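**Student:** After the sequence you'll find the predicted model.
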Amino acid sequence: MRKKILNLVFGCSSLIALSLTACSPQKEGQNQSGSSKTQASTPEEAKNLINEKLESLKNKEQKEEIQKQLSESGDDITKLNKVLENVNLQLNLNNEINNLQFQYSVKGNEVREGSLANIYADGIDSPNDVFVQVKGKDEENKYLTIIKEVKPNKAKGEVEIKFDVVRRGYETVKISEKHIIKGFRTGDDPQRIFDQGINKSISNPSVIKAYIAKSQAERFASDNEDYIKALSRQLATKPGEDVSVESLRKRAGDSKLRKEITDDQYKNSKDKFDSLVKEKQANLDSFDNWLLKTFSVPLYDKDGKFQGFSINEGSQFGIGPSWIDSAQRNKFQINGYPRTILNEQYLRQALQTWHIEFANPARNEYIDENTRKREIIPNTFTPTAGTAWIMDYALDSTGTYPTKWYVGTNLHVAQALTNETNSFSIARLQKDTTQITNPNQLASTGYDFRIEKFNFLLGKTKKEEWPIKIVYTATDYLSKDPKDYLDASHQDFLKDKQEFADFAILEIDFSKIKSGNDDAGNYYFSTYGNPGAPEQFAANLRKIEDDLRKANGNESSLKIAQSNIAKFITNDYANLKGEHDKVEFIAQDYLHNYEKIDRPLDSEKKYDGDSLYAVGWPRADLDYKWDQYADEKEIKNKKLNYELWINKDGQVSIKNNKDGNWLSYVLGYRTINDKPGIVDAFISAPKNGAKFHEYDGKQWVSVGLNYSPKHYAPFGGSSGTSIRNQNNQLVAVFHSANQNAGAGLAVAFRSQGYDYKGIFKGDSKNYELPQYDLIYGGGKDQKEGASYREAMKKLYESQNIKTYLFPNGFADDKVPEKFKFSK
């Protein structure tokens, strides 16, 4: 059980101090405290002193609170002296309030000139959106702030906030403040438009009951009508404006909807696509709606022949939440659930999942005129964090614990490992004390004694001697380039861009950990525990460090120490014996086996299918379950710490501790109408917002099967989260979170492909959802050599290495039958 500590004193702020005296809070007015005596000898003396000081309290609520305490204390001198202390502290606070300064943050953005220009005032409607901190170390040690209310003014671009300034350790000693934060964007927040246009009577049981009775196709039809109206409204420049696609296409210049598509192409393609969809019962939305959703759209010539796609050249916009994902829930609590392990699968997954961090040189904004590069700031490093998870390990023929391990994550996380990386670290939960918990029983990385951290210094060591490297990236993994799917007139947009799935595999070789230290005296391997950990935990950490350092020069002792470190950090994964304890990969995709994941919305209906589990390590910014008093220290340092999140919402699904969760009903990503949560990335999300992914000096287009998990869109750091089913089978890796939608995207490890009933088939062009397997390879649309198995075969063919997933080696004929495609 988490301990509630009220009188906390702590160090430096995680926010940059801001001088905001020009917009200081509205004050209540000063008071004089009268007698300074703080202790009385008799009840009568105490009451007289309290009543005397009450005369100085001008605030009605403060006075009533002290009078209540006085009444409840009777003649108990101890209680009366406590009331006397409280009234003295209250008077001190009232006197000091005019001298206090505050620093403000809105949705993680520090308030300074221009910092709020892209944030709508209309979208700030929760106390969780605003953070206020007392400036000055001494003052900060005395006072904390609690946000009580926010009132946006969309016309002025302002937000009025009300907050209490509270004396630390004394919950009743407080004063209420008001402050107006200016500089927001004016007008309607597009997200608010979704709330108004889509969110039906989400708490009305009759509406929900009628919706449950519909088929998936019928649900899509009713949801999509409202969704398209909301999307169109976002494009309006004035009330009542015609925002039909036809009208939006008539706008001039950059205001024209999908200006990259010519009028002839639009005319030839719209009716042809819509008629083919209807004729073939393809369950795809209309051409116009795909345009509005910023999907890639198919183009046809005047004879109705498929010519290729046009990809959206602008930014993705307007991906809103699903009303049914939010129904009977708090819309601010649908992005996941913090610091909780609900059942055995979540526990299993949590113990196999790491917070991983890379430290690279920080750089100045100044660009060297000769090299055109930003200068490195000496001895200063910038961390990049993500989530990684144990996937495989090399078998050790000597019988010692394996030291070569393979962990999965996103490419955009792994690419932080560069030639300049100074160090990397792993934080994970300790297996002996981590258990299934009640909600919110865990803490963040800097405060939970169950979390242990391991740091690996790379520094000036030769890269080939590093204990970490990237062994696989899902880049350029298909036989066709993305431009090959485009109409000839649109191919320049994807010129020199190739496809990728946001997945990479790191090799961590503990046998390469060095036992000594660098020239500056920094150890190559070090461990860190958190305050409050049992002494045995600290002793275990010291032992693996000491054994490594004592082994310096003794090869046999060094190998034992390295093996023990591997065993310790991996939570003895290699020796797990239970069914489903170790991961394997799912052999089918959910597009072709949708009934396995299509859980009825009626929770009373029998369901024998799969459920999905996500466990990641996002930064703590969006935690909505903290106690403002007991967890105040963690709240203050939330930008410095990470915490475990799972794919549950804060009100409904969290009560189901038997299962995981399922796929989202969000429409902004959904490719096939009657299959919520199924996403063809090339059609629905080829880029993240306005940009293509950048890696290795190139831009990359997202292509492949994706899933959109329900109730999982945490803050940064969750990238790399594995999506598994109840059998610990790996399904996908999470790579993009959309907090506005309460959902995100995860790329599937395996796709059986999909031909869309031939709708995208022409004389010279043909598009199908590609068939591939990122682990085993062999998909008909996949390049030879573009899988983890084949990458390992190339790396270690001469060394006869075998792994847990590939105990017979990496040859083509060693692929298990269930992972072979019937092409």
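**Tutor:** Sure, I can see it. Small disclaimer: the values here were computed from a predicted structure and weren't measured.
**Student:** and the one helix or strand T145 maps to, which strands flank it?
**Tutor:** Using DSSP states H and E, T145 sits within strand 143-153. Paired with strand 143-153 in the same sheet, following DSSP bridges, are strand 158-167 (antiparallel).
**Student:** Next, the buried residues of the partner strand.
**Tutor:** Within strand 158-167, the residues that count as buried by 16 or more other CB atoms under 10 Å are 158-159, 161-167. C-betas here are computed from N, CA, C, even on glycine.
**Student:** Tabulate the residues you listed (a markdown table), appending distance to L769.
**Tutor:** Output for the buried residues of strand 158-167, formatted as a markdown table (distance: CB to CB, whole Å):
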| residue | distance to L769 |
| --- | --- |
| E158 | 47 |
| V159 | 44 |
| I161 | 48 |
| K162 | 51 |
| F163 | 50 |
| D164 | 54 |
| V165 | 56 |
| V166 | 55 |
| R167 | 60 |
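**Student:** JSON lines for those, including pLDDT?
**Tutor:** Output for these, formatted as JSON lines (pLDDT from 0 to 100):
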{"residue": "E158", "pLDDT": "95"}
{"residue": "V159", "pLDDT": "96"}
{"residue": "I161", "pLDDT": "95"}
{"residue": "K162", "pLDDT": "94"}
{"residue": "F163", "pLDDT": "93"}
{"residue": "D164", "pLDDT": "92"}
{"residue": "V165", "pLDDT": "92"}
{"residue": "V166", "pLDDT": "91"}
{"residue": "R167", "pLDDT": "89"}
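**Student:** now, which of those sits nearest N283?
**Tutor:** For those, the residue nearest N283 by CB to CB is V159; the value is 42.9 Å.
**Student:** and the gap between the closest one and F194?
**Tutor:** As judged by CB to CB, to the nearest Å, V159 and F194 stand 20 Å apart.
**Student:** and if you look at L774?
**Tutor:** Taking CB to CB, one finds L774 at 34 Å from F194.
**Student:** Got the phi and psi for F131?
**Tutor:** Per-residue torsions, F131: phi -130, psi 130 (degrees, to the nearest 10).
**Student:** Look at T418 and give its secondary structure.
**Tutor:** coil (DSSP: H, G, I helix; E, B strand; the rest coil).
**Student:** Report how many residues lie close to it.
**Tutor:** T418 is flanked by 11 other residues according to other CB atoms under 10 Å.
**Student:** Ok, the one 10 residues further on next?
**Tutor:** Counted by other CB under 10 Å, the residues lying close to R428 total 27.
**Student:** helix or strand for it, which one?
**Tutor:** Residue-wise, R428 maps onto strand 423-429 under DSSP H and E.
**Student:** quick one: low-confidence ranges for the stretch 101-250 of the chain?
**Tutor:** 193, 195-203 (pLDDT under 70).
**Student:** rerun that using 80 as the cut-off
**Tutor:** 107-109, 137, 188, 190-204, 239 (pLDDT under 80).
**Student:** mind listing the helices for it?
**Tutor:** 137-142, 190-197, 205-212, 216-234, 245-248 (DSSP state H, counting those that start in this stretch).
**Student:** In CSV, list the C-alpha atoms belonging to the fourth one.
**Tutor:** Once side chains and other backbone atoms are set aside, the C-alpha atoms of helix 216-234 remain, and they are given as CSV (Å, rounded to 0.1, in the frame of the first residue of the first chain):
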residue,chain,number,x,y,z
GLN,A,216,-20.5,-3.4,-36.9
ALA,A,217,-21.5,-2.1,-40.3
GLU,A,218,-24.5,-0.3,-38.9
ARG,A,219,-22.5,1.2,-36.1
PHE,A,220,-20.0,2.5,-38.6
ALA,A,221,-22.7,4.1,-40.7
SER,A,222,-24.3,6.0,-37.8
ASP,A,223,-20.9,7.0,-36.2
ASN,A,224,-19.4,8.0,-39.5
GLU,A,225,-22.2,10.4,-40.4
ASP,A,226,-21.5,12.4,-37.2
TYR,A,227,-17.8,12.1,-37.6
ILE,A,228,-17.7,13.5,-41.1
LYS,A,229,-19.9,16.5,-40.0
ALA,A,230,-17.4,17.2,-37.3
LEU,A,231,-14.4,17.0,-39.7
SER,A,232,-16.1,19.3,-42.1
ARG,A,233,-16.9,21.9,-39.4
GLN,A,234,-13.2,22.1,-38.7
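**Student:** Mind listing what's buried along it?
**Tutor:** Buried, per 16+ other CB under 10 Å, within helix 216-234: 216, 219-220, 223-224, 226-228, 230-234.
**Student:** Ok, the third one next?
**Tutor:** For helix 205-212, burial by neighbour count (16+ other CB under 10 Å) applies to 208, 211.
**Student:** just to revisit the earlier point, and of the buried residues of strand 158-167, the nearest to W290?
**Tutor:** So of the buried residues of strand 158-167, ranked by how close each gets to W290 (CB to CB), first place is V159, at 36.1 Å.
**Student:** can you list the residues that contact the strand holding T145?
**Tutor:** Applying CB atoms under 8 Å, 6 or more residues apart in numbering, the contact partners of strand 143-153 are 93, 100, 102, 121-134, 158-168, 174, 176, 184, 628-629, 632.
**Student:** What subset of those residues is buried?
**Tutor:** Burial by neighbour count, 16+ other CB under 10 Å: within the contacts of strand 143-153 this picks out 93, 100, 102, 121-125, 127-134, 158-159, 161-168, 174, 176, 184, 629, 632.
**Student:** Pipe the helices of the stretch 101-250 of the chain into JSON lines and attach distance to Q799 per row.
**Tutor:** As requested, these are arranged in JSON lines below (distance: least, CB to CB, whole Å):
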{"stretch": "helix 137-142", "distance to Q799": "56"}
{"stretch": "helix 190-197", "distance to Q799": "54"}
{"stretch": "helix 205-212", "distance to Q799": "57"}
{"stretch": "helix 216-234", "distance to Q799": "50"}
{"stretch": "helix 245-248", "distance to Q799": "59"}
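**Student:** Looking at those, which is nearest to S719?
**Tutor:** helix 190-197 (22.3 Å).
**Student:** In this protein, which residue is most central in space?
**Tutor:** Nearest to the mean C-alpha position of the chain, by CA atoms, centre = their mean, lies P714 at 3.0 Å.
**Student:** For that residue, what is the enclosing helix or strand?
**Tutor:** Here P714 is covered by no helix or strand, with elements defined by DSSP H and E.
**Student:** Could you do Q90 as well?
**Tutor:** With DSSP H and E as the test, Q90 turns up in helix 77-96.
**Student:** Where does V701 sit: helix, strand or coil?
**Tutor:** Going by three-state DSSP: V701 is strand.
**Student:** oh, I was asking about H580
**Tutor:** Going by three-state DSSP: H580 is coil.
**Student:** so it touches R724, yeah?
**Tutor:** No: judged on CB atoms under 8 Å, H580 makes no contact with R724 at a distance of 9.7 Å.
**Student:** more neighbours, the two?
**Tutor:** Set H580 next to R724 and count neighbours by other CB under 10 Å: R724 wins out with 29 against 16.
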